[in-house]
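Trainee: this one's structure only:
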């Protein structure tokens, strides 16, 4: 640890991306730990932050705002929403952290092969920059978030869920498990200067048709996954209101799923947390209401 923290037993931890799915869960968890916590965010008024957490509103394009937010910080969690400015913005935070004397960065990255597909290629560029810094770091490389299925809620409810993933399998991970591992990495006092990576997955891989079967069981009605061509699904996505960048990102994910690129299973989550990784079935059960047609919800 560097000499910034006023109390050696209470490291000062900054969370960049504190309103994101992983970041918000992480902040809520760390708020119960003996640390001095600061949430770095572009929106300090966000209702996704727990009450009472100190915040620092940052502008990624303003080096002074990053330097101010990181002043006195010992350890940093770094996550950024998928964006065409992700590489530029995360590198700016890394450079500011190195300049500020931060001892350890925990970066949220992505599991996957070298590829030109976004956002995998963006994470590769950021990791390459981080690897050239004289700083301790832990790179978290999770498989695809199970939250991606939230996009299926309305299509499932309306009976037109589908895509180009075919029967390919993917090991989806719950963002809460990622946050649990991030917390452990941030609180680890043993290897502050270590440079390492963790590959994180759920307990087993599933296909979209298998998810449809699970939803059928949970909802008590038949749910189908409609197989589409690339052109058909791109047209469907654009008609649903997403922009071209998002449509291409989702088509890239479907390709990754179809080819089984993210089907592997690791045991890192249970080994580090002492708990089994949450399953897709668990997440579907917790979020079942969102997949029901409004007429069905009125029955509950």
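Mentor: Good, I have the coordinates. Since this is a predicted model, take the numbers as computed values, not measurements. Numbering: from 1, shown residues only.
Trainee: And for residue 82, the neighbour number?
Mentor: 14 (other C-beta atoms under 10 Å). From N, CA and C alone the C-beta is placed, and that goes for glycine too.
Trainee: What of residue 145?
Mentor: 18.
Trainee: now do residue 195
Mentor: When neighbours are counted by other C-beta under 10 Å, residue 195 comes out with 16.
Trainee: Name all residues that make contact with residue 107.
Mentor: Applying C-beta atoms under 8 Å, 6 or more residues apart in numbering, we find residue 107 in contact with 78-79, 90, 94, 126-127, 130, 137-140.
Trainee: Quick check: the gap between the closest residue to residue 71 other than its chain neighbours and residue 56.
Mentor: Setting aside the residues directly before and after it, residue 71 is nearest to residue 100 in space (C-beta to C-beta, 6 or more residues apart in numbering), at 6.2 Å. Distance of residue 100 to residue 56, computed by C-beta to C-beta, to the nearest Å: 12 Å.
Trainee: How about the contacts made by the residue nearest to residue 71?
Mentor: The neighbours of residue 100, taking C-beta under 8 Å, 6+ apart as the test, are 67, 70-73.
Trainee: on that earlier part again, in strands, which of the contacts of residue 107 fall?
Mentor: 78, 137-140 (DSSP state E).
Trainee: ok, those vs residue 11, which is closest?
Mentor: Within those, proximity to residue 11 (C-beta to C-beta) peaks at residue 138, which comes in at 14.2 Å.
Trainee: hang on, isn't the closest one packed against residue 185?
Mentor: Yes: here residue 138 reaches residue 185: they are 4.2 Å apart, a contact under C-beta atoms under 8 Å.
Trainee: who touches both of these two?
Mentor: 106, 198.
Trainee: right, and residue 17 touches residue 43 too?
Mentor: No: applying C-beta under 8 Å, one finds residue 17 not in contact with residue 43, separated by 11.4 Å.
Trainee: Okay, now the unreliable bits of the chain?
Mentor: By pLDDT under 70, the weakly predicted segments of the chain are 1-9, 44-46, 295-300.
Trainee: related to what we said a few turns ago, out of the ones in strands among the contacts of residue 107, give me the one that has the most neighbours.
Mentor: residue 78 (26 neighbours).
Trainee: Which element, helix or strand, includes residue 117?
Mentor: Here residue 117 sits in a region with no helix or strand, counting by DSSP states H and E.
Trainee: Spit out the contact partners of it.
Mentor: Contacts here follow C-beta under 8 Å, 6+ apart; on that basis residue 117 touches 252, 255-256.
Trainee: Of those, which belong to helices?
Mentor: Mapping the contacts of residue 117 onto helices (DSSP state H) picks out 252, 255-256.
Trainee: ok, and the most crowded of those?
Mentor: Of the ones in helices among the contacts of residue 117, with other C-beta under 10 Å as the count, residue 256 tops at 22 neighbours.
Trainee: from what I can see that residue touches residue 250, true?
Mentor: No: using C-beta under 8 Å, residue 256 makes no contact with residue 250, being 10.6 Å away.
Trainee: Give the residues shared as contacts by those two.
Mentor: With C-beta under 8 Å, 6+ apart, residue 256 and residue 250 have no common neighbours.
Trainee: Please point out which parts of the one helix or strand residue 87 maps to sit buried.
Mentor: Using DSSP H and E, residue 87 maps to helix 86-100. Neighbour-count burial for helix 86-100 flags 86-87, 89-94, 96-97, 100 (criterion: 16 or more other C-beta atoms under 10 Å).
Trainee: Next: stretch 16-28.
Mentor: Residues of stretch 16-28 classed as buried: 16-27 (neighbour count, 16+ other C-beta under 10 Å).
Trainee: Go ahead and list the helix or strand containing residue 282.
Mentor: Taking DSSP H and E as the criterion, residue 282 maps to helix 280-286.
Trainee: let me redo that: residue 47
Mentor: Assigned by DSSP H and E, residue 47 falls within no helix or strand.
Trainee: gap between it and residue 57?
Mentor: 15 Å.
Trainee: Which parts of the stretch 51-200 of the chain are helices?
Mentor: Ranges of helices in the stretch 51-200 of the chain, per DSSP state H, counting those that start in this stretch, are 63-70, 86-100, 120-131, 153-158, 175-187.
Trainee: and the residue nearest to residue 52 when sequence neighbours are not counted, how far is that from residue 260?
Mentor: Nearest non-adjacent residue to residue 52, counting by C-beta to C-beta, 6+ apart: residue 31, 7.8 Å away. Between residue 31 and residue 260 the distance is 39 Å, computed by C-beta to C-beta.
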